[in-house]
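A.B. asks: Return a 3D structure for these sequence lines:
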Amino acid sequence: MARKNGNDSVVAGRYIDFLGYNFYRDNVRMRKNMKKRFARKAKRTKSEVKRQQVLASYWGWCKWGDCKHLWKTITNNDMSFADKGIGRQVESKDKDGKRVFDVPEKKVMDILNMAITVHDFEDGITTKLGDGRCAVLFTFDEDPSAGQFKFLTGSLSLKDTLNRAREAERSGKKIFPVDNVVVKRKNLGNGKISYYFE
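C.D. replies: Got it, this is the predicted structure:
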């Protein structure tokens with residue numbers, strides 16, 4: 001509970017000890033005796049299988065408190081996927097077996113008239129906007145270090161161009177990645193819009 005001293009400034013009060021944690025006003029820490037037990041078990045356990053089980057159980061405690069530094073100190077970040085050479089996957093598959101690119105999404109309107117590099121695509125996916133959509137994986141030519149993005153489209157012109165590129169690849173040509181691609185927009189009248197690659 002916070003209290004005021006003689007100068008009317010707020011002084012942090014005592015913590016609340018509850019369910020294995022010490023709850024302070026601005027953070028949550030593991031109890032001291034649990035920290036000691038964690039360090040002791042992590043150091044003394046010789047079997048690698050048993051050690052992974054011990055670390056997994058204490059990972060559950062650490063992740064709910066502000067204990068990232070404690071975890072790294074005791075385990076040398078032993079259970080980090082990145083440290084084991086397993087990075088984040090850029091693509092996974094949905095329930096229909098279609099590839100889903102796990103990257104941030106941009107709207108087609110946001111990338112109009114900008115030079116992009118198209119790395120890959122997946123056609124025939126289902127989204128909340130309907131069936132037969134196409135996900136296109138790309139980077140910006142101006143700033144490739146910004147990482148990969150995707151946009152979703154139902155444009156027949158864009159899908160036709162991408163599918164013809166895929167057919168050319170199947171016949172032995174190296175097509176992807178395609179750089180310096182620009183998405184353009186054409187008004188067809190009656191409020192209809194078409195997109196195409198230039």
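A.B. asks: Could you check how far Cys67 is from Lys35?
C.D. replies: Plainly put, Cys67 is 8 Å away from Lys35 if you go by C-beta to C-beta, to the nearest Å. To be clear about C-beta, it is placed using only N, CA and C from the backbone, and glycine gets the same treatment.
A.B. asks: actually Val28, not the one I typed
C.D. replies: 13 Å.
A.B. asks: and if you look at Gly65?
C.D. replies: 10 Å.
A.B. asks: count of residues packed around Val100?
C.D. replies: Residues lying near Val100 (other C-beta atoms under 10 Å) number 15.
A.B. asks: who are the neighbours in contact with it?
C.D. replies: Glu91, Ser92, Lys93, Asp94, Glu122, Ile125, Ala135 (C-beta atoms under 8 Å, 6 or more residues apart in numbering).
A.B. asks: Between Cys67 and Lys35, point out the one with more neighbours.
C.D. replies: Legend: neighbour count by other C-beta under 10 Å for Cys67 and Lys35, higher for Cys67 (23 against 18).
A.B. asks: Excluding residues flanking it in the chain, which one is nearest the more buried one?
C.D. replies: Residue nearest to Cys67 in three dimensions, not counting chain neighbours: Met30, with 5.5 Å by C-beta to C-beta, 6 or more residues apart in numbering.
A.B. asks: Identify the bridge partners of the one you found.
C.D. replies: Beta bridges link Met30 to Tyr21, judged by DSSP bridges.
A.B. asks: which sections of the chain are below the confidence cut-off?
C.D. replies: 1-13, 77-91 (pLDDT under 70).
A.B. asks: Could you rerun that using 50?
C.D. replies: Scanning the chain for pLDDT under 50 picks out the ranges 1-5, 9-11.
A.B. asks: how does it divide up, domain by domain?
C.D. replies: Using automatic domain parsing, the domains assigned to the chain come out as 12-84, 91-197.
A.B. asks: mind listing the helices for this structure?
C.D. replies: 32-44, 48-64, 68-75, 108-111, 156-170 (DSSP state H).
A.B. asks: Need the contact partners of the second one.
C.D. replies: Which is helix 48-64. Helix 48-64 is contacted from outside by 20-21, 28, 30, 34, 38, 41-42, 45, 67-68, 70-71, 75, 78-79, using C-beta under 8 Å, 6+ apart.
A.B. asks: from the residues you listed, which would you call buried?
C.D. replies: In these, burial by neighbour count holds for Tyr21, Met30, Met34, Phe38, Lys41, Ala42, Cys67, Leu70, Trp71, Thr75, counting by 16 or more other C-beta atoms under 10 Å.
A.B. asks: Not counting its neighbours along the chain, what's nearest the fourth one?
C.D. replies: For Phe38, the nearest residue in space outside its immediate sequence neighbours is Tyr58; the separation is 4.9 Å by C-beta to C-beta, 6+ apart.
A.B. asks: Burial check on that neighbour, number of neighbours?
C.D. replies: By other C-beta under 10 Å, 24 other residues sit near Tyr58.
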